[in-house]
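*Asks:* Provided below are the primary sequence and the corresponding predicted coordinates.
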Amino acid sequence: MLKPSLLALLVAVLLSACVETRFESPLGDNIETCDPAWKGVWLDEGDDGTRVDGKRHLTGFNVDEGCALTLFDQAEADGPLKHARIPINFVHAHGKDYVVVTDVALRAVGDIPPPFGIEPVPAKSYYFARYRIRGDRLELRGVDSKKLARMVIDGVLDGTVQSTRNELHVFVRGDRAAMLDLVRRHNVFENKPIYQMRRSAQSLEELEESIERKATKPQP
């Protein structure tokens, strides 16, 4: 199974399974299935590619020419890459760029339960993140769940908040237009990126070939 940080990569669980915000609707009607700027192999910028034992452990994703996104992760140090295909969507509005993914799509990488305490259970719910690409660097900013919880409690937003000592589950209600208006009127994203990626000069095939060559190379 892919390590939890890759779920953060796609905004599924931006902090952890215990702190999350989901939305009833996607961001507006102008939703795209591709942003060509994402094409290529992206590696975790915050990870030096090693484990404590000194062995490489790569995590990242590939967006192919058809704009299909595949997460990859080494379940074992220096081992082969494990793949998971995840459909995502993009929204460009008010000079900002957003990525949107459903909880249904993310079940390809793990157990994603339905929104906490919501009855009847919706067919799907949505996660958002804001992103920015500068050259070969990609930054992802997750939503600020504590800020959104306060907005729900104060009546600024329609939704529910379930909070205990160790958990926070926020569900924001509203249609597509309301979600788009939310990100236009309020800064609901974290001030700092939750994930920073760098574009690799290698293709996914080249990356896997280099891993295989290293695995089959005789050890001294």
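*Replies:* Done, it's in.
*Asks:* so where's the longest helix in this structure?
*Replies:* As assigned by DSSP state H, the longest helix anywhere in the chain is helix 204-216.
*Asks:* can you give me the strands in this structure?
*Replies:* With DSSP state E, the ranges of strands along the chain come out as 19-23, 40-44, 59-63, 69-74, 81-85, 89-93, 96-102, 126-134, 137-142, 159-163, 168-172, 195-199.
*Asks:* nearest to G117, out of those?
*Replies:* Closest approach to G117 among the strands of the chain (C-beta to C-beta): strand 159-163, 5.0 Å. In short, each C-beta sits where N, CA and C put it, glycine included.
*Asks:* strands paired with the closest one, and their directions?
*Replies:* Strand 159-163 has the following strand partners under DSSP bridges: strand 168-172 (antiparallel).
*Asks:* now the strand it pairs with: mean pLDDT?
*Replies:* For strand 168-172, mean pLDDT is 94.
*Asks:* which regions of this structure sit below the pLDDT cut-off?
*Replies:* For the chain, the stretches flagged by pLDDT under 70 are 1-17, 45-57, 77, 217-220.
*Asks:* switch the cut-off to 90
*Replies:* For the chain, the stretches flagged by pLDDT under 90 are 1-20, 43-60, 71-86, 103-119, 121, 142, 163-167, 192-197, 207, 210-220.
*Asks:* which elements pack onto the longest helix of the chain?
*Replies:* Counting contacts by 3 or more C-beta pairs under 8 Å, 6 or more residues apart in numbering; DSSP states H and E, helix 204-216 packs against strand 69-74, strand 81-85.
*Asks:* now those strands in CSV, with mean neighbour count and distance to D154?
*Replies:* Shown next, in CSV, are those (neighbours: other C-beta atoms under 10 Å; distance: least, C-beta to C-beta, whole Å):
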stretch, mean neighbour count, distance to D154
strand 69-74, 20, 36
strand 81-85, 16, 38
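*Asks:* which of these sits closest to R198?
*Replies:* Nearest of the helices and strands packed on helix 204-216 (C-beta to C-beta): strand 69-74, 14.8 Å.
*Asks:* how about the longest helix of the chain: buried residues?
*Replies:* 204, 207-208, 211 (16 or more other C-beta atoms under 10 Å).
*Asks:* show me how far it is from its chain's centre.
*Replies:* 26 Å (C-alpha atoms, centre = their mean, to the nearest Å).
*Asks:* over to stretch 172-180?
*Replies:* 20 Å.
*Asks:* start to end distance for that stretch?
*Replies:* 12 Å (C-alpha to C-alpha, to the nearest Å).
*Asks:* now that stretch: buried residues?
*Replies:* So for stretch 172-180, counting by 16+ other C-beta under 10 Å, buried means 172-174, 176, 178-180.
*Asks:* could you do stretch 152-165 as well?
*Replies:* Neighbour-count burial for stretch 152-165 [16+ other C-beta under 10 Å]: 152, 157, 159, 161.
*Asks:* from the residues you listed, which is closest to V19?
*Replies:* Set against V19, the nearest of these by C-beta to C-beta is V161 (11.7 Å).
*Asks:* quick one, what contacts that closest one?
*Replies:* V161 sits next to 149, 152-153, 168-170 when contact means C-beta atoms under 8 Å, 6 or more residues apart in numbering.
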